[in-house]
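[1] Kindly return the folded structure for what I paste below:
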Amino acid sequence: MLKLGVNIDHVATIREARYRGRGFGEPDPVAAARICETAGAHGITAHLREDRRHIQDRDIWKLREIVQTRLNLEMANAPEIVAIALKLKPEIVCLVPERRLEVTTEGGLDVVAAEKSLTDTRKRMNDAGIEVSLFIAPDEKQIAAAARTGAQFIELHTGTFAEEFQKAESGKRKAKMELLRLIAGAEQAHSLGLKVNAGHGLNYENLAILFRVPHLVELNIGHSLVSRAVFVGMETAVKEMLAAMKNYVA
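    Prediction:
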């Protein structure tokens, strides 16, 4: 069964737009996490960015207290955040690249260039009982390097596929090319013993095409769910996504 991890970052984005720096405010991402779990989500994802643009430290500690499924902490491989993760002890961390000026995560990790550092962090996390995923593009060299780090998972960056899917016919052709890269990447990762997740830009419209990618364990979806929840509520948004995901055959 394909699992759904709900990324609640953008619930916090809405809150911070009005209440930034005030230590309180609405909507509450922790309350959103409770609703998502009740609706059937298999895990909760939150990204504690170095610039604290949405999720705040108080949020992740409250999430650790209340999440009953699986807490996935997205994070940069930065000393401050690594130290927090080791104390927080989420079930899994997903190491991602960060740039202060980006609107959202723009691409995958350069595992080849940072292999030693990522391996060291992977060891520290695993020693603390925390699984590790690396957020990477479907690139042969990056996937091979990810396997060498000893990570348990990779999360394939589906952002390029999603962006091209939204465009006109020329974009659709590029989306098909990117889909082939995702398929090849998943096959390679599986052959190397890595478990395969996917995320970024996924929504109710592009899932059916993405389902051609084999060996997927979990999808991490945030913005689309929060956007849909504006109109139908978070519980219904999650249930609709879960219903769409039932069609996946690994």
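[2] Okay, the residue sitting nearest the centre point of the chain and residue 98: tell me how far apart.
    Geometric centre of the chain, nearest residue: residue 220, 4.3 Å, by C-alpha atoms, centre = their mean. Going from residue 220 to residue 98 by C-beta to C-beta, to the nearest Å gives 16 Å. C-beta coordinates here come from the backbone N, C-alpha and C atoms, glycine included.
[3] ok so residue 72 is a strand residue?
    Yes. Per DSSP: H, G, I helix; E, B strand; the rest coil, residue 72 lies within a strand segment.
[4] Retrieve the pLDDT associated with it.
    Looking at residue 72, its pLDDT is 98.
[5] what ranges do the strands span in the protein?
    3-7, 43-47, 71-75, 92-95, 131-136, 153-157, 195-199, 216-221 (DSSP state E).
[6] contacting residues for residue 32?
    8, 11, 234 (C-beta atoms under 8 Å, 6 or more residues apart in numbering).
[7] mind checking how far residue 58 is from residue 237?
    From residue 58 across to residue 237, the span is 25 Å (C-beta to C-beta).
[8] for residue 246, that is, sorry about that
    For residue 246, the distance to residue 237 (C-beta to C-beta) stands at 16 Å.
[9] For these two, indicate the residue with more neighbours.
    Under the criterion of other C-beta atoms under 10 Å, the comparison of residue 246 against residue 237 puts residue 237 first, with 24 against 8.
[10] Please spell out the segments of this protein that come in under the pLDDT threshold.
    The chain contains residues with pLDDT under 70 at 100-106, 168-171.
[11] how about 80 then?
    99-107, 167-173, 250 (pLDDT under 80).
[12] Run through the helices of it in chain order.
    9-19, 29-39, 57-66, 79-88, 115-127, 140-149, 159-165, 169-191, 207-210, 223-232, 234-245 (DSSP state H).
[13] Might one say that residue 95 is in contact with residue 78?
    No. With contact defined as C-beta atoms under 8 Å, residue 95 does not count as touching residue 78 (9.8 Å).
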